[in-house]
Every structure is written in C-alpha cells, then in structure tokens.
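Student: coords please:
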Amino acid sequence: MKEGILICAFLPLLIIAQQRKEVLFIGNSYTYYNNMPQLVEQIALSFGDSLIHDSSTPGGANFNTHTNNTQTLAKINQQQWDYVVLQAQSQEPSFSPVQVANNTYPYAEILVDFIHVNSSCTEPLFFMTWGRKYGDQQNCQAYPPICTYLGMQQRLRESYLEMAFNDSASCAPVGMAWKASIAIDSTINLYSSDNSHPSIYGSYLAACTFYASIFKKSPIGSSFWPAAIDSNTAYSLQQIGSNTVLDSLAVWNILNADFSFIQTNDSISCTNLSSNYESLIWDFGDGTSSFNEHPTHVYGNSGVYTITLSALTNGGCLLDTFSLNITVNISTEINEVISKRKLVEVIDVLGKKGIKPKPNVPLFYRYDDGTVEKRIIIE
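Tutor: Numbers count the residues shown, from 1 in each chain. Predicted coordinates:
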C-alpha cells in the first residue's frame, strides 16, 4: 500500500439543484385557507418539482400556542424537514415594538430552537403575513400606527424581518407581495369577505411567493392556477410573487451566494454580497481559493477564468453557489519569486480549525501569504 500527499486545485462543491423539498407549515387559518400549501405543491409540480408537506394550523394560534401544542412539536420532530414555515397570529406582530419584543419574539425563538434541536439542517422560514384591508380596528386606538392597512403592513414587515435576522432564519415576504399587487391593481381583491383572511387570489399570490422563496425559482410560466382565476390575472400574480422575492433575496435573508468584483489588469478585488450564510469558499479558477470575506487575487497567466463563490449555512448542510467569468490579459511575462510560505492553520470543509490530517479526507491548508491549498492524503 502506498501513501502520498496529493495537492490539487480546489473545486467548488457541486449540488444538483434540489427539485424535491419537504416543508412543514406551522400557523393558523391564514395558512389553512384555500389549502395554500397544496397550491404551492401544484405550482411546483407544473415545473417538474416536488413539494412534500404537512401542516399544523389550529385557528387563531400564535407562536406561544405552538410552543405548547403537542401536535406541532410532534410534527417538527417527525423527520428532517428542508423548511419549517412559521406564521404568527395575524395581528400580534403588528403591535408596538415593545409588546412584540415581549410577547412574540421569545416564542418565535423557542420554535426555532425546537426546529434546530430536531435537525440543524432545517431552515426556519417566517411567513410574513399581510395587513388587514382597513387596518386593525380592534387595537388601533391603543396603537394608532396600525389603524390603516399601510401602517399595519409596515409593522408586520418590520417584525417578521427582525425575527428572521435575529434567529438566522429566512423570510417569505407574502405581505410585501400583497402590497405590490394592491398598488398595481387594486381591483384584484386579495381578501375574503371579512377583509382579513385571503381570497383565492390572495392565497394563490401567497403560494407563488412561497414557491419563489423555497425553490429560489420563478413561478412565472406555471401552468397551474385555481379555476376561479383567469389566466391573465394568474400571470400577473406569478410576476408579483417572483419579483418580490427574487429581486431582493438579501432583504428577506434567504441564503444566496452573490458577489461583485473590480479588475485591474491581472488583479481582482471581490466584494461579497451573499446573505444568510455562515461560511464562504472562493474558487478563482486557477487552482487557488480563499475563505476571506472580501478577497483579492492576482493571476499569474492570461486566460479566461471562472470565479465561483460558495456560501454555506446550517452547519454546511445548505449551500448556494454563484459564478462569473473574467478574462485576464498579461502583456509581459513576469517571473515571480515565490517566497517561503508559513502554514497558518488547517481547516476542514465546514471551517473547523486545528484538524489533524486523515486519510482520504479533504483539508484546506491556509498560508501566511493568503493562499489556500486543498490536500488529500491518499491511502
């Protein structure tokens, strides 16, 4: 048996785009109305994707209710979900910041903890709901900002995003898709007769928004829409759901790898624009890589190179990549003297430090000159 050290260029981890997602919906009648999760499933099927889902949606339930609901907790623990959707009671997150901080955020955090105890790979996804058509007339005297639809919607936006960022979770911006739809064409009535719950139009728009949030793909062009909706309206709602999510992934704290760069001759300076990540791996396309947040790199030869950024979260379970091509032209050959490098640390693929080399396990060796090598001991 021979042993040796193989030094090779880092290749980004490649994952075939997942076409199957398993999702648990936790909420109340806002989720239950018109069987909204089933609408998401049908949109997914129209693109050849698959959504396996379950729900816990007792009427009027808030996050505190769910923390003590045996059915909710049992469903969280029944399997490793890709996403667990969290929808609060419709009014509660719109109350004053102090009241929401005391009565809503702690229970949202408890649910997120339950989710991660079951599986650290599951991504919590907050369901940002919509403001009532005429605001919250029951509570607006005590807190005037929610007396109108716009005021209530603004508070819901603020609270859901704060929960998402505080709990390192994602947010499905359904309420903002509703706001966009109302601004574009207020004749499409997203509300049922109580001016609170969704009509079939409102549930379909929510489903389009969830498809974009969960699959990170556009619902535009889906051949599925409920029979009560005409094709032109369905297409408009698909566009709104798609644009609301995919144009602003970082705003909703959805895992997304993204970067920009400035190139000066053979040198590039990269700016990381990713969202909701725990660690980053850069591949510069020439056999070198970096774990830095905003790295710089100098190419030694002319050519076309592919820069790939991989963003990882949830302990490395979730990964997203983004690539750009650059062209490097070096007019004169430069002979560089490579100084003796000093090893700084050894890291595994999840960023853990102080790892001892093991046979057939890829490790990353970081040097004091900023370079990183991937090494595998072949046994």
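Student: show me the shaky parts of this protein.
Tutor: Along the chain, segments meeting pLDDT under 70 span 1-18, 331-340, 349-351, 358-361, 370-371, 373-379.
Student: where do the helices sit along the stretch 1-150 of the chain?
Tutor: Listed in chain order, the helices of the stretch 1-150 of the chain (DSSP state H, counting those that start in this stretch) span 29-32, 36-46, 63-67, 70-77, 97-103, 105-118, 149-166.
Student: buried set for the second one?
Tutor: For helix 36-46, the neighbour count (16 or more other Cβ atoms under 10 Å) marks 36-37, 39-44 as buried. In this view, the C-beta of every residue, glycine as well, is placed from N, C-alpha and C.
Student: and it, C-alpha only, in PDB?
Tutor: Only the C-alpha atoms of helix 36-46 are listed here, as PDB (Å, rounded to 0.1, in the frame of the first residue of the first chain):
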ATOM      1  CA  MET A  36     -52.400  27.300   0.400                       C
ATOM      2  CA  PRO A  37     -49.600  24.600   0.900                       C
ATOM      3  CA  GLN A  38     -51.400  22.500  -1.700                       C
ATOM      4  CA  LEU A  39     -51.300  25.500  -4.100                       C
ATOM      5  CA  VAL A  40     -47.600  25.700  -3.700                       C
ATOM      6  CA  GLU A  41     -47.300  21.900  -4.400                       C
ATOM      7  CA  GLN A  42     -49.300  22.300  -7.600                       C
ATOM      8  CA  ILE A  43     -47.100  25.200  -8.800                       C
ATOM      9  CA  ALA A  44     -44.000  23.100  -8.100                       C
ATOM     10  CA  LEU A  45     -45.500  20.100 -10.000                       C
ATOM     11  CA  SER A  46     -46.100  22.300 -13.000                       C
END
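Student: now do it: distance to the chain's middle.
Tutor: 19 Å (Cα atoms, centre = their mean, to the nearest Å).
Student: packing partners for it?
Tutor: strand 20-26, strand 50-56, helix 200-215 (3 or more Cβ pairs under 8 Å, 6 or more residues apart in numbering; DSSP states H and E).
Student: could you rerun that using 7 Å?
Tutor: strand 50-56, helix 200-215 (3 or more Cβ pairs under 7 Å, 6 or more residues apart in numbering; DSSP states H and E).
Student: before we move on, back to that, any chance of the buried residues of helix 36-46 in TSV, with distance to H66 too?
Tutor: Output for the buried residues of helix 36-46, formatted as TSV (distance: Cβ to Cβ, whole Å):
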residue	distance to H66
M36	17
P37	16
L39	22
V40	20
E41	22
Q42	26
I43	26
A44	25
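Student: from those residues, which is closest to S213?
Tutor: Distance to S213 across the buried residues of helix 36-46 (Cβ to Cβ) is lowest for V40, with 9.6 Å.
Student: residues touching the closest one, list them.
Tutor: Counting by Cβ atoms under 7 Å, 6 or more residues apart in numbering, V40 touches 51, 207, 210-211.
Student: and for N272?
Tutor: Contacts of N272 by Cβ under 7 Å, 6+ apart are 259, 280, 293-294.
Student: so what's the residue nearest to the spatial centre of the chain closest to, chain neighbours aside?
Tutor: Central residue of the chain (Cα atoms, centre = their mean): I254, 2.2 Å from the mean position. Nearest residue to I254, sequence neighbours excluded (Cβ to Cβ, 6 or more residues apart in numbering): S170, at 4.7 Å.
Student: list the contacts for that neighbour?
Tutor: 123, 125, 164, 213, 252-255, 276.
Student: so which of the buried residues of helix 36-46 is the closest to C317?
Tutor: The closest of the buried residues of helix 36-46, once distances to C317 are taken by Cβ to Cβ, is A44, at 20.9 Å.
Student: tell me the spacing between that closest one and S248.
Tutor: 22 Å (Cβ to Cβ, to the nearest Å).
Student: before we move on, the earlier item: turn the helices of the stretch 1-150 of the chain into JSON lines, including distance to Q87.
Tutor: Formatted as JSON lines, the helices of the stretch 1-150 of the chain follow (distance: least, Cβ to Cβ, whole Å):
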{"stretch": "helix 29-32", "distance to Q87": "5"}
{"stretch": "helix 36-46", "distance to Q87": "10"}
{"stretch": "helix 63-67", "distance to Q87": "9"}
{"stretch": "helix 70-77", "distance to Q87": "12"}
{"stretch": "helix 97-103", "distance to Q87": "15"}
{"stretch": "helix 105-118", "distance to Q87": "11"}
{"stretch": "helix 149-166", "distance to Q87": "9"}
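Student: for G315, find the nearest of those.
Tutor: helix 105-118 (9.5 Å).
Student: distance of L86 from F322?
Tutor: 27 Å.
Student: who has more neighbours, those two?
Tutor: L86 (27 against 15; other Cβ atoms under 10 Å).
Student: in terms of contact, does that one touch L111 like I think?
Tutor: Yes - using Cβ atoms under 7 Å, L86 is in contact with L111, at 5.9 Å.
Student: so which strand or helix has M176?
Tutor: helix 174-184 (DSSP states H and E).
Student: mind giving me the packing neighbours of that helix?
Tutor: Using 3+ Cβ pairs under 7 Å, 6+ apart, helix 174-184 sits against helix 149-166, helix 200-215, helix 231-246.
Student: as a markdown table, those with distance to W81 and mean neighbour count would be great.
Tutor: What follows is the helices and strands packed on helix 174-184, written out as a markdown table (distance: least, Cβ to Cβ, whole Å; neighbours: other Cβ atoms under 10 Å):
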| stretch | distance to W81 | mean neighbour count |
| --- | --- | --- |
| helix 149-166 | 17 | 20 |
| helix 200-215 | 11 | 27 |
| helix 231-246 | 20 | 20 |
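Student: T57 is nearest to which of these?
Tutor: Closest of the helices and strands packed on helix 174-184 to T57 is helix 200-215, at 12.9 Å (criterion: Cβ to Cβ).
Student: report the contact partners of I184.
Tutor: By Cβ under 7 Å, 6+ apart, the contact set of I184 is I240.
Student: can you tell me how far it is from I240?
Tutor: In terms of Cβ to Cβ, I184 sits 7 Å off from I240.
Student: nothing else from me, thank you.
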